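Peer 1: Fold the following.
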Amino acid sequence: MTTQAVPEPVRPRPVDPSTLPAEAAALLDTSVDDIMRAAAAHRDHLWGTRVTYSPKVFIPLTMLCRDACGYCTFAQPPARLDAPYLSPDEVLKIARNGARAGCHEALFTLGEAPEERYDAARDWLRTHGWDSTVHYLAQTAQLVRDETGLLPHANPGALGYDELAMLRRVAPSQGMMVETLRDDLPCHRGAPDKTPQRRLDTLEAAGQLKIPFTTGILVGIGETRADRLAALLAIADSHRRHGHVQEVIVQNFLPKPGTAMRNDPPCPPEEFLWSIAAARLMLPDDVHLQAPPNLSDDFGVLLDAGIDDWGGVSPVTADHVNP
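Peer 2: From the prediction side, this is the model:
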C-alpha cells in the first residue's frame with residue numbers, strides 16, 4: 001500500500017493572509033498579550049492545571065543525516081563520529097540506565113536516510129545485515145521494548161507508508177516535525193527530506209495507520225505569521241481526518257555555533273509566544289501543546305502562552321537535538 005496524496009494542496013511560498021480562514025486571519029494582528037490571555041484561558045478550560053511531561057531517555061541511534069539544515073547541531077559527518085550507528089549493546093546500556101532512573105519512554109533520535117548520502121552508513125548497515133536505517137531502528141526499538149520495558153518513540157523523519165507500518169509494530173508512538181509549508185527558505189536548501197509535501201505525506205500516512213503522532217512547527221527560520229498558521233491548519237486538518245496527532249510542538253529558532261545560521265538573529269520572544277498561543281487556539285481541543293523548555297531562559301512564561309506539556313525530560317541523557 002502506498003501513501004495517498006494529502007487532500008489539500010501545499011502552499012509553498014509566503015502565504016497570502018487573505019487565503020486563511022477568517023478565524024485564523026483574525027489572529028494575525030492580535031497583540032501578544034491578548035492572544036496569550038485567550039490561549040491560557042482556553043488551555044485552563046481544556047486541561048485545568050495539569051501539565052504533563054514524559055520521563056525518558058534520548059537514544060541517538062545515528063547522528064548521520066542526508067539533510068543539511070542551516071540550524072541543525074545534531075547531524076555530524078562520519079569523520080566526527082566513532083561509529084556510524086550505536087550498536088545494540090550501546091542502545092541497551094542507555095535504555096537500561098533510563099529504566100533504572102524511572103524513565104518510561106525511549107526517544108530514538110536519528111538523521112534521515114543517511115545511507116543515501118554516506119558510504120560509511122551503507123557499509124555499516126550492510127556489514128551488520130541491514131538494508132536501511134529504518135530497518136535497524138525497528139530492530140533496536142523492539143530490543144529496547146522487550147529487554148527494558150521502556151516504550152520506544154521513533155523519530156526518524158519523513159517516511160513512507162510501509163516504513164511507518166513497520167515501526168508501528170514495535171513503537172507505540174512516532175513523530176516528525178512538519179516545520180513549515182515553505183519550500184523556499186534558505187535553511188532547507190540542502191535538505192531533500194524537508195520539502196513540505198514529503199512532510200505532509202508522512203503526517204497523512206501516519207493518520208491512515210492510526211499511529212499516535214507528534215509533530216510541530218519551527219518559529220523564526222524565515223517564515224511569516226501567516227505561514228505558521230497555514231502549517232498549524234494543515235496539521236489540524238490531518239488530525240480531524242484521522243485523530244492521530246497526540247501533541248504539537250512549537251519550537252523557537254536559536255542560532256548555534258557551528259551551524260550555517262550561527263549569525264542569524266534568534267526568534268523574537270514575542271513571536272514565539274504569539275505562535276504558541278495561536279497554536280492553542282487553532283488546534284483541535286484534544287491535541288496537546290508543547291514548547292521545549294530548554295530553548296528558553298524564562299520557560300515559565302510558556303505556560304502563560306497556553307502549553308500543557310513540557311515534552312521529554314531526562315534524568316540521564318541530554319536532548320541531543322536541542323542541547
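
Peer 1: biggest helix in this protein, by residue count?
Peer 2: helix 225-242 (DSSP state H).

Peer 1: quick one, phi/psi of the residue of the chain most remote from its centre?
Peer 2: Most distant from the centre of the chain: Thr127, at 30.4 Å, with distances by CA atoms, centre = their mean. As for Thr127, its main-chain torsions (degrees, to the nearest 10) stand at phi -60, psi -30.

Peer 1: Would you map the strands across this protein?
Peer 2: According to DSSP state E, the chain carries its strands in the segments 52-62, 105-110, 151-155, 173-175, 213-219, 245-252, 288-290, 309-313.

Peer 1: Can you check which of those gets nearest to Val91?
Peer 2: Of all those, strand 52-62 sits nearest to Val91, with 5.8 Å by CB to CB. (Glycine included, C-beta is placed from N, CA and C.)

Peer 1: quick one: buried residues of the element among helices and strands of the chain having the smallest mean pLDDT?
Peer 2: One helix or strand of the chain scores below all others by mean pLDDT, DSSP states H and E: strand 309-313, with a mean of 89. For strand 309-313, burial by neighbour count (16 or more other CB atoms under 10 Å) applies to Asp309, Trp310, Gly311, Gly312.

Peer 1: got the angle between that strand and strand 105-110?
Peer 2: For strand 309-313 against strand 105-110, the angle by axes from the mean of the first three to the mean of the last three CA atoms, to 10 degrees is 80 degrees.

Peer 1: can you list the residues that contact strand 309-313?
Peer 2: 51-56, 58, 105, 107, 247, 249, 288-293, 319 (CB atoms under 8 Å, 6 or more residues apart in numbering).

Peer 1: For the residue nearest the centre of the chain, which non-adjacent residue is closest in space?
Peer 2: The residue lying closest to the centre of the chain (CA atoms, centre = their mean) is Met177, at 3.3 Å. In space, and not counting its chain neighbours, Met177 is closest to Gly216: 5.0 Å by CB to CB, 6 or more residues apart in numbering.

Peer 1: can you check Pro84 too?
Peer 2: Here the residue nearest Pro84, using CB to CB, 6+ apart, is Trp124, at 4.3 Å.

Peer 1: my guess is that neighbour meets Tyr85, correct?
Peer 2: Yes: proximity of Trp124 to Tyr85 meets the contact threshold set by CB atoms under 8 Å, at 5.7 Å.

Peer 1: List the residues that contact Asp67.
Peer 2: When contacts are counted by CB under 8 Å, 6+ apart, Asp67 touches Ala75, Gly111, Glu112, Gly157, Gly190, Ala191, Pro192, Asp193, Lys194.

Peer 1: mind checking how far the third one is from Arg199?
Peer 2: What it means is Glu112. Computed as CB to CB, to the nearest Å, the Glu112 to Arg199 distance reads 11 Å.

Peer 1: what is in contact with those two at once?
Peer 2: Common contacts of Glu112 and Arg199, defined by CB under 8 Å, 6+ apart, comprise Ala158, Asp193.

Peer 1: show me where pLDDT drops low in the stretch 151-300 of the chain?
Peer 2: For the stretch 151-300 of the chain, not a single residue meets the criterion pLDDT under 70.

Peer 1: before we move on, the earlier item: who has more neighbours, Trp124 and Tyr85?
Peer 2: Set Trp124 next to Tyr85 and count neighbours by other CB atoms under 10 Å: Tyr85 wins out with 25 against 22.

Peer 1: For the residue nearest to the more buried one when sequence neighbours are not counted, give me its contacts.
Peer 2: With sequence-adjacent residues excluded and distances taken as CB to CB, 6+ apart, Tyr85 is closest to Thr62, at 4.7 Å. Listed by CB under 8 Å, 6+ apart, the contact set of Thr62 reads Pro84, Tyr85, Leu86, Leu110, Gly111, Pro114, Ala121, Thr133.

Peer 1: Before I go, just wanted to say thanks for your time.
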